[in-house]
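Visitor: What would the 3D arrangement of this be:
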Amino acid sequence: MKALHIITGLGVGGAEQQLRLLLRHLPVDCDVVTLTDPGAVADGLVADGVRVVHLGMSGNRDLAAVPRLVRLIRRGRYDLVHTHLYRACLYGRLAARLAGVRTIVATEHSLGDSRIEGRRLTRGVRALYLAGERLGTTTVAVSPTVADRLKRWGVPAPRIEVVPNGIDLARFRFDPIQRQRTRRRLGLPEGAYVVGGIGRLVAGKRFDVLVRALAELPGDCWLLLVGGGPEESVLRRIAHEARVADRVLFTGERPSAPDGSPGPDLPSLTAAMDLLASPSPEEAFGLAVVEALACGLPVRYASCPAIEDLPPHTAPGAVRVTGGAEAFARALAEARARGPHPRTAPEAARHYGIERSAARLMGVYTAALSGRAASLPPPLSPFSSLPQPPLSPQPPQSPSPQEASTS
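Guide: The predicted model follows:
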């Protein structure tokens, strides 16, 4: 089987790193196209031996990207196209159909009740999404919660499959030596109680809640924010105003797997924490929470379908918190008062091993390929008059991994 994965970008993000992890475990010959932003995850994929092509899309309305994608897909003679993230799903599904590929899978990574990948769910966004969805074979939801949202939107239930995100349990296994090394490298005081927050620094993640909660906690409590994003300057200002700037550490974007960049990676930073807090009110899965559980951390979260979809006994260290900074301050203080938490992965973390997720996705591929004719509307007519500009960069006919451009 030969598959092409199309994704909006390959900077450091949950969907992007999940794609890299999946490709390491899928028994499929896979290439990757990124429409924009060939960042650190693209470099990691190339290091893994995956061919990565940067399409060079200039914006959301760059319609010239469609014929470029069509040509690339035809040349690759793929059995299956798998799209990821909103823009790639729109353009990728259409291009795959025009190229004659009859098996098209799309993963919905970040669909909330009111937003999709940070953008508001207006009527227009929803209508465009549903129109594109009908061009595919199967839509993969990363949790039953997302599957239910898709059904409420009007996506037919037989077209939806649930394949949860997966984690590399071995990489996140708690290492006390790594913990001490990382804490020293970060300059954390001996005995500091470290609350962690992991994710993009955007308004929707509500990391300001944790900064304000820190102001209500004792002076030996620290906040470690792992991730980059446009809200970093805002969070720094809030920390100064709350007089806790000297106890808030910003690490910037960190990979979940080695890619040659300096500094500790995500598992090491997770090991350095004493608790993970996730104040985001609208998650599609909650990958950071599951990875924290795999490292044996207690967690306090506002929304995490990955945990809420399982029986409570599978994650005894995970507690939901409703409310703002005051509620989180109380929850964090109560968690600390309970004393050290055993750093072993609970059943909930083991439930989401990447091997299991890859096996389920292979099942989706097999079913989609075997039933493709009955799942799709009649084939679209190929482009006859649209211009056919060359790719930027132009993909070679038989590229080597070293030739995989991330410009």
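
Visitor: hey, where'd the helices end up in the stretch 1-150 of the chain?
Guide: Using DSSP state H, counting those that start in this stretch, the helices of the stretch 1-150 of the chain run over 14-25, 40-47, 65-76, 86-98, 123-133, 144-153.

Visitor: For residue 364, which of the ones you listed is the nearest?
Guide: Among the helices of the stretch 1-150 of the chain, helix 14-25 comes nearest to residue 364, with 11.7 Å by C-beta to C-beta. Backbone N, C-alpha and C define where each C-beta goes, glycine included.

Visitor: what's the angle between that closest one and helix 40-47?
Guide: Going by axes from the mean of the first three to the mean of the last three C-alpha atoms, to 10 degrees, helix 14-25 is angled at 10 degrees with respect to helix 40-47.

Visitor: And helix 14-25, what does it pack against?
Guide: In terms of contacts (3 or more C-beta pairs under 8 Å, 6 or more residues apart in numbering; DSSP states H and E), helix 14-25 is packed against strand 2-7, strand 29-34, helix 40-47, helix 287-294, helix 354-370.

Visitor: mind checking how far residue 279 is from residue 223?
Guide: From residue 279 over to residue 223 the distance is 12 Å, taken as C-beta to C-beta, to the nearest Å.

Visitor: shaky segments in the stretch 301-407 of the chain?
Guide: Within the stretch 301-407 of the chain, the set of residues satisfying pLDDT under 70 comprises 372-407.

Visitor: quick one: which of the helices and strands packed on helix 14-25 is nearest residue 159?
Guide: helix 354-370 (9.9 Å).

Visitor: Rebuild the helices of the stretch 1-150 of the chain as JSON lines, extending it with mean neighbour count, distance to residue 271 and mean pLDDT.
Guide: Output for the helices of the stretch 1-150 of the chain, formatted as JSON lines (neighbours: other C-beta atoms under 10 Å; distance: least, C-beta to C-beta, whole Å; pLDDT from 0 to 100):
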{"stretch": "helix 14-25", "mean neighbour count": "21", "distance to residue 271": "18", "mean pLDDT": "94"}
{"stretch": "helix 40-47", "mean neighbour count": "23", "distance to residue 271": "21", "mean pLDDT": "93"}
{"stretch": "helix 65-76", "mean neighbour count": "20", "distance to residue 271": "40", "mean pLDDT": "96"}
{"stretch": "helix 86-98", "mean neighbour count": "25", "distance to residue 271": "33", "mean pLDDT": "94"}
{"stretch": "helix 123-133", "mean neighbour count": "14", "distance to residue 271": "38", "mean pLDDT": "86"}
{"stretch": "helix 144-153", "mean neighbour count": "18", "distance to residue 271": "29", "mean pLDDT": "90"}
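
Visitor: In CSV, list the ones you listed along with distance to residue 243.
Guide: CSV is the format used below for the helices of the stretch 1-150 of the chain (distance: least, C-beta to C-beta, whole Å):
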stretch, distance to residue 243
helix 14-25, 32
helix 40-47, 34
helix 65-76, 48
helix 86-98, 40
helix 123-133, 40
helix 144-153, 38
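
Visitor: Residue 345 is nearest to which of the ones you listed?
Guide: That would be helix 14-25 among the helices of the stretch 1-150 of the chain, by C-beta to C-beta, at 16.8 Å.

Visitor: Nothing else from me, thank you.
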